[in-house]
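In: quick check, what structure comes out for this input:
(one chain, ligands or ions: 2)
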Amino acid sequence: MIAGHRGARAVAPENTLVSMKAAANAGAKWIETDTQLCADLIPVIIHDKTVRRCTNGSGSVRHKTLDEIKQLDAGSWFSPEFAGETIPTLHELLAACDEYGLNLNLEIKVHYEEEAALQVQKTIETIKDYGFDPDRLILSSFSYNAVQQCLEQWPEVRRGLIIEDWVPDIDRLDENLKLYSIHLDHHLLNEKLAKEITDAGKVLQIWTMNDPKKIEKFSNWGVSTIITDDPALLIAATHK
Ligand code: G3P
Ligand code: MG
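Out: Ligands and ions are numbered 1, 2, ... in the order given. Down below sits the predicted model:
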């Protein structure tokens, strides 16, 4: 399975609604996207701690009101044709997933560990208020605290732990987090680790993998989902 990373960030400004649409148009059934809180405690869709890289503004997301965030241009930095795109709220993102028929791997991007519980609470509240189908949802995070909070606050929803630079002891992790999936940096993966994860009954996802030539190897190792910046390129390769 191919999932679009921050939508389809190879061809559209990451984490905007137009990026989600591009992923859907490419044939992706899943997207991965990042959410964090703004000053009004409303979950918005952006990766970095600050708005600098992906908008025409500056300053931290957490200290901006939604009104301030909505005034930013989140498209022009990528290309003038995307001028006027805005940072979506989580609510808007959920509506876009419904409109485009996308399943959602929602990464709870924790920039302030001490707020993980609050962030999970506001995220879950928003999803429930919207009424998004929980069967089309995976909540994921690099933050152990956040994943644990997901288990406490909404145990029915599937959880994924994102791992970048350490090798997990799967059984021990699972005891505490009751994971559905493990989302590994693909550089960390080898055949032995892939086997350990899949033998433990965990769904294995990798990120961010943009090389069509490697699809077969990872698929033979039991990887179920490849999170990629360019879903069109990888989907085309799987159809050859
Ligand atoms: O969810 C996988 C991947 O998105 C994690 O890394 O930095 O792109 O959010 P990052
Ligand atoms: Mg992410």
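In: let's see the pLDDT reported for Lys70.
Out: On the pLDDT scale, Lys70 is placed at 98.
In: and for Gly75?
Out: Here, the pLDDT recorded for Gly75 equals 98.
In: how about whichever residue of the chain sits closest to ligand 2, secondary structure?
Out: Nearest residue of the chain to ligand 2, counting by Cβ to the ion: Glu107, 3.9 Å away. Heads up, the C-betas are built off the backbone N, CA and C, glycines and all. Secondary structure, DSSP: H, G, I helix; E, B strand; the rest coil: Glu107 is strand.
In: and it, what does it touch?
Out: Glu32, Thr33, Asp34, Thr35, Ser140, Ser141, Phe142, Ile162 (Cβ atoms under 8 Å, 6 or more residues apart in numbering).
In: all helices of this structure, in order?
Out: Under the criterion DSSP state H, the chain contains helices at 17-26, 66-70, 90-100, 116-130, 144-153, 170-177, 191-199, 215-220, 231-238.
In: which of those comes out lowest on mean pLDDT?
Out: Of all these, helix 170-177 has the smallest average pLDDT, which comes to a mean of 86.
In: just give me the neighbour total for the closest residue to ligand 1 within the chain.
Out: Residue of the chain nearest ligand 1, by Cβ to the nearest ligand atom: Trp207 (3.9 Å). Residues near Trp207, counting by other Cβ atoms under 10 Å, number 23.
In: hmm, it is touching Leu189, no?
Out: No. Trp207 is not in contact with Leu189 according to Cβ atoms under 8 Å; the separation is 10.4 Å.
In: right, is the longest strand anywhere in the chain up against ligand 2?
Out: Counting residues, the longest strand found in the chain (DSSP state E) is strand 30-37. Yes. Contact of strand 30-37 with ligand 2 (Cβ under 5 Å from the ion) involves Asp34.
In: would you mind listing what in this protein touches ligand 2?
Out: Proximity of the chain to ligand 2 (Cβ under 5 Å from the ion) is limited to residues Asp34, Glu107.
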